[in-house]
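1. how would this look folded up:
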Amino acid sequence: MPALLSLSRLIDSISMGLGKLVMWLILAATAISAGNALMRKAFSIGSNAYLEIQWYLFAAVFMLGAGYVFLKNAHVRIDFISSLLSKRTNAIIDALGIVVFTIPLAVIMINLGWPVFYRAFVSGEMSQNAGGLIRWPVIMLIPLGFSLLIMQSVSELIKRIGFLTGHLAEPFTVEHEKSAEELLVEELAKEAEIRLSAKPAGSA
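-> Next up, the predicted model:
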């Protein structure tokens with residue numbers, strides 16, 4: 001089990017790095033979108049390549065970020081139900097979901113996506129729009145993204161098994177980070193508590 005947990009930590013570090021890369025891709029997509037809109041409105045200059053690179057980056061964010069989202073435990077859950085269950089029960093459900101649904105679905109998508117990517121790569125398929133981009137890089141994101149999801153799924157499965165067998169105290173490596181709104185509410189609550197404690201007794 002220690003060797004598997006070491007493998008899990010290695011996978012987590014890769015997913016964390018890709019997650020940080022994805023954040024920069026969001027910035028790049030935003031900057032290109034703003035620049036394209038400015039050039040079109042101010043100088044009546046447009047480019048299909050600039051339009052397409054925006055959705056290429058948008059696709060990359062979703063496909064390359066899937067493993068990072070899984071690592072952060074930020075994927076969609078039915079919180080109303082999961083909050084009523086124990087950590088052990090949730091870990092068992094997660095492990096079964098990874099083995100029965102997540103990994104098989106990812107394998108299917110890789111098998112379906114790889115031939116499409118290969119044909120586009122060999123043929124040098126281009127966009128049908130004038131001045132558009134070559135297609136294979138964005139199609140490649142399908143098998144690549146699901147491969148990364150399988151990789152992180154293996155890490156998450158190791159962590160769930162480690163928790164169930166008593167090798168880990170928590171089934172997740174990274175806890176859900178608090179949002180800016182949650183941090184603001186906590187800060188305001190602390191300030192209100194300080195004011196109340198400093199208020200003289202018996203004052204209105």
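2. need the pLDDT of residue 93.
-> For residue 93, the model assigns a pLDDT of 86.
3. list the buried ones in the helix or strand where it lies?
-> Here residue 93 sits within helix 87-97, counting by DSSP states H and E. For helix 87-97, a neighbour-count test (16 or more other C-beta atoms under 10 Å) marks 90-92, 94-95 as buried. Any C-beta I mention is one placed from the backbone N, CA and C, and that applies to glycine too.
4. over to stretch 131-138?
-> 133, 135-136, 138.
5. strands - which of the residues you listed land there?
-> Counted as lying in strands by DSSP state E, out of the buried residues of stretch 131-138, is not a single one.
6. for those, name the two members farthest from one another.
-> The span of the buried residues of stretch 131-138, defined through C-beta to C-beta, is set by 133 and 136 at 9.8 Å.
7. which other helices and strands does whichever strand or helix holds residue 23 contact?
-> Assigned by DSSP H and E, residue 23 belongs to helix 2-43. For helix 2-43, the elements it packs on are helix 48-64, helix 66-71, helix 136-164, judged by 3 or more C-beta pairs under 8 Å, 6 or more residues apart in numbering; DSSP states H and E.
8. what residues does stretch 58-69 touch?
-> Stretch 58-69 is contacted by residues 15-16, 18-19, 21-22, 25-26, 29, 75, 138, 141-142, 144-146, 148-149, 151-152 when judged by C-beta atoms under 8 Å, 6 or more residues apart in numbering.
9. list the buried residues for it?
-> Neighbour count says stretch 58-69 has 59-61, 63-69 buried, by 16+ other C-beta under 10 Å.
10. next: stretch 114-128.
-> Buried residues in stretch 114-128 (16+ other C-beta under 10 Å): 114, 116-117, 120.
11. which of those residues lies closest to residue 35?
-> Using C-beta to C-beta, the buried residues of stretch 114-128 come closest to residue 35 at residue 120, 27.6 Å.
12. wait, the closest one sits on residue 139?
-> Yes - Residue 120 is within contact range of residue 139, at 5.0 Å (criterion: C-beta atoms under 8 Å).
13. which among the contacts of stretch 58-69 end up buried?
-> 15-16, 18-19, 22, 25, 29, 138, 141-142, 144-146, 148-149, 151-152.
14. report pLDDT for the residue nearest to residue 99 when sequence neighbours are not counted.
-> Nearest residue to residue 99, sequence neighbours excluded (C-beta to C-beta, 6 or more residues apart in numbering): residue 157, at 6.9 Å. At residue 157, the model reports a pLDDT of 91.
15. distance of residue 157 relative to residue 96?
-> Using C-beta to C-beta, to the nearest Å, we find residue 157 at a distance of 10 Å from residue 96.
16. next one: the residue nearest to residue 99 from residue 168, what distance?
-> Counting by C-beta to C-beta - residue 157 and residue 168 are separated by 12 Å.
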